[in-house]
Every structure is written in structure tokens, then in C-alpha cells.
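Asker: No sequence on hand, only this structure:
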């Protein structure tokens, strides 16, 4: 084995911790340091943590910086900043703003001769790849994305804003009946209500009116009104012990026609016990690709669409052809 | 839309006809000519057919040649030959010989400044891509491939060699119970018998002993002895009307662990009414990629592992980022 790829992590929340664990599964990589906006002394991790503004002192010690901040406020600033200093990977996931984010990162990465892989993870990321692949192979067809079963942070937050709610978690659940209709090749038109169910586990404040909480949740516009929503009231203990993990998943299906009216179905699915750990594992594989792309002389912002799968693997092209093709 | 990509087809069997139909679904491409070893006058197609040895006269009229011959005898000769003359795409699928085939094609394509995409389709091809992706993301895990439900040509041929058998078709069927065990995250060790069933539809010669045919089939080494095999005797009419299509499919699953013992499952599956039409659709998408790679200055033999998905699409990188990421 050659030299290990030296990784830095910016932001040490669930995703950053996931990246730390994923690196330990990949012997060709090494975690070098963590950078945080919090007090570095407060971070307990497998390597030393530093203040984020000290990151630039590590330009000779770190090959790829994995940016684990959020898309709302962290990455729009950190993406272009770190693209000047390091090869980077991030999971920027505000779909509508990706073109703008791409331009901002690309400008810095190109000027600095760095590679920045943006918007990877599973959606955007692996799901996007499968949408592209299936469209290219079956141009006459219809595409479906189902999410879940998994926790939606946005919907959980919405529950928690209802008066009388102390805590709560919302699961998005794909309708099995809808999935089966797609798999059958029927190419159904599916309404929002037909595709997903929403299941809420709510801890009410003492003395709160459960019926009115329930009504407020199920009729909430944008979040629940267009769905069949089930609300369960549970205790704080039950919420903590049964609903604190972060499962997620989903599937992308495309059903199309070829030739003499043959129905062809392509399906990609994920079933994840831990959403942040899985996203982290994807980021780490793309960190390897960023490193290899840079070694080949690449630079600028890249998305999953620009990166051959061969670069994700620690194996050589000849090994891959022999073992996996 | 710019200039259409001009495609030639070498070999006009099921796969070649599938390519012809797939091109008609892609407005950025145009079928220019078909090349055959048969009498060109005997070919009835949407474009004129020519003798295979006349192909070299079309060097200025054809951008990408799609090689639709078989892996046993056609491609080992045609792959390197056409790689000297055109950008090519093929579905060479003799797994053990891929490294050798790669070297032979790469030598010619590199010297001629051409791009040759080898061994694409769905296995090798899309299944290989998913094996690589899942391994790179979940290095600690276990991978499973199931094939079917679909017709296996090799096993159908084996049935037809049994004395007293007039005609027959064999379906490979994945065991649903085994698939569910994998999906559950159990990471089972599965024997050959546990993974797939084999179902045979046999037309016996008049007066042949069905019981002895059945025994000979189910006990046939390599083909059936290690499987649970069901044999049905049917009439020639029934075989023709119910078993003449070529469905296939299958799935690649990888179940792995990340971080704090979280089980993560990645699944890719195909359900195909027509195996040759689907394989043809994959070849056509990779023909577009070969053309784009060549336009970027690429050359030599390439596999699916070397080609970014963005090149499979008729859309521009900016459109893909905006619409599909």
C-alpha cells in the first residue's frame, strides 16, 4: 500500500463523527485532525481538534478536507473558503441552490488547482446517479422516488412547534402499495397522498389537549395536510428508548418501455439504520476519488456525475477489471 | 441540438435489433448502417445492410460502432479489429477473459486514437458498477448477486442435449426467502441450492420416457445437481406461445456495518421483459459516452468503471446539476 490519504474533518456533529468512524474502516486513509467552531478543548475524538480558523496552517498535512457542516449556513461560506486551501468533499443538499453553490466553489477550486466534490451523499448523491443512469438507458419511461422509512428532521421540527408538544419524531413511510404498482410496470400517476404516509410519535405537555394537538398536526399545510398522517402519543421515556436512532432510506425506480413494448424496470434502494453514518461513508469514498482525481491533474468543482466509479475504490483499474467486472 | 451521433451495428441478431430500436428512442443519435456476415440482401432493417468486410469504407460516415456479436467467437476477433477503425462499444461477457480482452482492445484503440467501451450491459455492466459502489461505501460488508427470474441460455441448451428432449427452456429463479434474509441484514452464508431455483419447461420427443428425462436433468452435474430443479413437460405449442420471450433480471445487494454497529443495505435490481432489448439500451447509452469521451480527447479501452455517468446523458453538465442532482 502506498501513502495513506490524510483527511481532515470540518464540523464534528453526527456527520463528522460518522466520517471519523468510516475512515477507520478504510486502511488507505488516515484522520489527521478535526476543525470546529466550538471550543476545541471540548471535543473528545480519536484525533486532536483545532479551531476552524487554524485549518489553513494544515495545508501541508491534510490532503482532503471533508466538510460536515449544514447546507443552510455553514457550507455556503465554508465550501468556497476551503476549496481555496484543500481538496474538499461536502454534502450540500439544498437542491435548488446547487447550481449557484457549484459556481462559487468551482471558481475557488479552479483558481487554486484543487478538486472539490460537492453535493454527495445519497440524495443528492447515489439517488441522483441512479436517476441519471436510468433516464439515459430508458429514455421512454417514468421515474419515481420514495423516501423512508426514516426520520424527517423538518417534519419532526414542525411537530415540536405545535403548542402543547414537548417532543416528537416524524417518520416518512413509503406506501408499499404504491411501490408495488410501480414495480408492476403500470406507470401510475401517484398523488402525494398515495406515495408516502407520515407517522408521528408525540410527547404532550402535561395537561395538554391531545385531540387538538392531533388536529393541528394532521391539518398543517405543506407538512401534513396532503398526507395520511397517524399520530401516537407516547411517554418521554418511550421516545428516548425507541425513537432516538436515525434510520432512513428510500428507493429510486424507473419503469420504461423498449422495442416491441417490453417493460423494463430499474430499481435502486437503501435501507439504513443510520442516515448520518451512511452519508459519511459516501463522503469518505468520494474523498478518495477527489484525491485520485487531483493526482490525475483534475481541478475544479465536481459532482457525482463527473466522477468515474473506479476512483471510489482503493483497488487499481486492473484489479477492478479482474475482480468486479 | 448539435450534430447527431452516427451509429453502426455489427451483427444483426436479437442484440443488434435491440440496438436499432434503442437508437430510435434517442433523438441525438442516428443509425447509419448495419454490417453482417450473412448475405446483406437477406437483412430487412430500417437501414441498409452491408458485408462486414466493407465496414472499413465507412470510417468517415460512422462515429461509433456497436458490436453485437457473441463473446465466444465473434468479439475476440471483432473487438480488436474494429477498435482500429472506429470508436466501439461491446458487451463482451466472458468474465474470466475480460483482462485479456481489455489488453487486446486497448492496444488497438490506443494506437488508433479511438475509444472502445468493453464489457458493458447489465452483468458485466450495471451490476459490476453497483458491486464496486457498494464495496467502496461499505468496506465491511457482504455482497450477494441473485439472477432471474429469467431464461438461462446455457441451461436451456443443456436440457436440449438430453436424449428424448425435442425442445426446452430453463428459468433461473432467485429464492425469495434468501433475498429476504439478506435484506434483513442477517448476512447469511447461502449455499448454491439456497440462492436459486431452476424451473424447466420441456417438450419430449414422442414416446420418450419422461421420468428418465427428468432424472437426467435434475442430476446433471454443474447445471442442475446442486439446485432444486422442477421439470414440467409441455407441448410444443405451449412452449412457443408462453416461453418464447426473453425475460431476465436480478439484483445485487450489499449489507454492511458502519460506526456503532448500524446495518446498512444497498440494493440494485432489474426486472426485464426483454434481456436483449435492455442490454441494447445500455450499449446505446455507452455509445454516447464513447463519443463524448473521444470528443474530450480520450482514447483506449474503457470499462464502465472508467466512465462518469454524466457522459451517458444527452444533457449538458449544467443541465444535469440543475435537474437531476
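Answerer: Received the coordinates, thanks. Given the structure is predicted, the values throughout are model-derived calculations rather than measurements.
Asker: Residue A:101 is in contact with residue A:76, correct?
Answerer: Yes - the criterion here is CB atoms under 8 Å, and residue A:76 meets it with residue A:101 at 6.7 Å. Placement of C-beta: from N, CA and C, glycine included.
Asker: give the contact list for the closest residue to residue A:131 other than its chain neighbours.
Answerer: In this structure, residue A:131 finds its nearest non-sequential neighbour in residue B:324, 5.1 Å apart by CB to CB, 6 or more residues apart in numbering or on different chains. Residues in contact with residue B:324, defined by CB atoms under 8 Å, 6 or more residues apart in numbering or on different chains, are A:128, A:131, A:132, A:135, A:305, B:315.
Asker: What confidence value was assigned to residue A:1?
Answerer: At residue A:1, the pLDDT value in this model is 49.
Asker: Is there any residue in stretch A:269-277 that contacts chain B?
Answerer: Yes - contact between stretch A:269-277 and chain B is present through A:269, A:270, A:271, A:272, A:273, A:274, A:277 (criterion: CB under 8 Å from any CB of the partner chain).
Asker: same check, this time on stretch A:82-99
Answerer: Yes - remark: stretch A:82-99 sits within contact range of chain B at A:95, A:98, A:99, by CB under 8 Å from any CB.
Asker: Could you identify the buried members of those?
Answerer: A:95, A:98 (16 or more other CB atoms under 10 Å in any protein chain shown).
Asker: Identify the neighbouring strands of the helix or strand harbouring residue A:249 in the sheet and state each direction.
Answerer: According to DSSP states H and E, residue A:249 maps onto strand A:248-258. Counting by DSSP bridges, the strands paired with strand A:248-258 are strand A:141-147 (antiparallel), strand A:262-272 (antiparallel).
Asker: next structured bit after the last one?
Answerer: Read that as strand A:262-272. helix A:275-295.
Asker: Relative to the helix or strand following that next one, what are the paired strands and their orientations?
Answerer: Once the chain leaves helix A:275-295, the next helix or strand it forms, by DSSP H and E, is strand A:300-302. When pairing is defined by DSSP bridges, strand A:300-302 lines up against strand A:115-117 (parallel).
Asker: tell me what the following helix or strand past the strand it pairs with is packed against?
Answerer: Past strand A:115-117, further along toward the C-terminus, the next helix or strand under DSSP H and E is helix A:126-137. Contact partners of helix A:126-137 among helices and strands, from 3 or more CB pairs under 8 Å, 6 or more residues apart in numbering or on different chains; DSSP states H and E: strand A:141-147, strand A:248-258, strand A:262-272, helix B:275-295, helix B:317-324.
Asker: closest one to residue B:200 among the ones you listed?
Answerer: Residue B:200 lies closest to helix B:275-295 among those, at 18.1 Å (CB to CB).
Asker: ok and that closest one relative to strand A:262-272, angle-wise?
Answerer: For helix B:275-295 against strand A:262-272, the angle by axes from the mean of the first three to the mean of the last three CA atoms, to 10 degrees is 70 degrees.
Asker: Let me know whether helix B:275-295 sits next to chain A.
Answerer: Yes - Helix B:275-295 comes into contact with chain A (CB under 8 Å from any CB), by way of B:277, B:278, B:280, B:281, B:282, B:285, B:288.
Asker: now do the same end-to-end measure for stretch A:34-47.
Answerer: Using CA to CA, to the nearest Å, the end-to-end distance of stretch A:34-47 comes out at 7 Å.
Asker: what sits up against that stretch?
Answerer: The contact list for stretch A:34-47, computed with CB under 8 Å, 6+ apart, reads A:8-12, A:16-17, A:20, A:24, A:31-33, A:48-52, A:54-55.
Asker: next one: stretch A:222-234
Answerer: Outside stretch A:222-234, the residues that reach it (CB under 8 Å, 6+ apart) are A:154-155, A:158, A:192-193, A:196-204, A:210, A:213-214, A:217-219, A:242.
Asker: so residue A:109 touches residue A:298, yeah?
Answerer: No - at 9.9 Å, residue A:109 does not count as touching residue A:298 under the criterion of CB under 8 Å.
Asker: quick one, which of the two is more surrounded?
Answerer: Comparing residue A:109 with residue A:298 by other CB atoms under 10 Å in any protein chain shown, the one with more neighbours is residue A:109, at 29 against 19.
Asker: host element of the more buried one?
Answerer: helix A:98-112.
Asker: Report all helices and strands that that helix contacts.
Answerer: Packing partners of helix A:98-112 (3+ CB pairs under 8 Å, 6+ apart): helix A:74-83, strand A:115-117, strand A:300-302, helix B:317-324.
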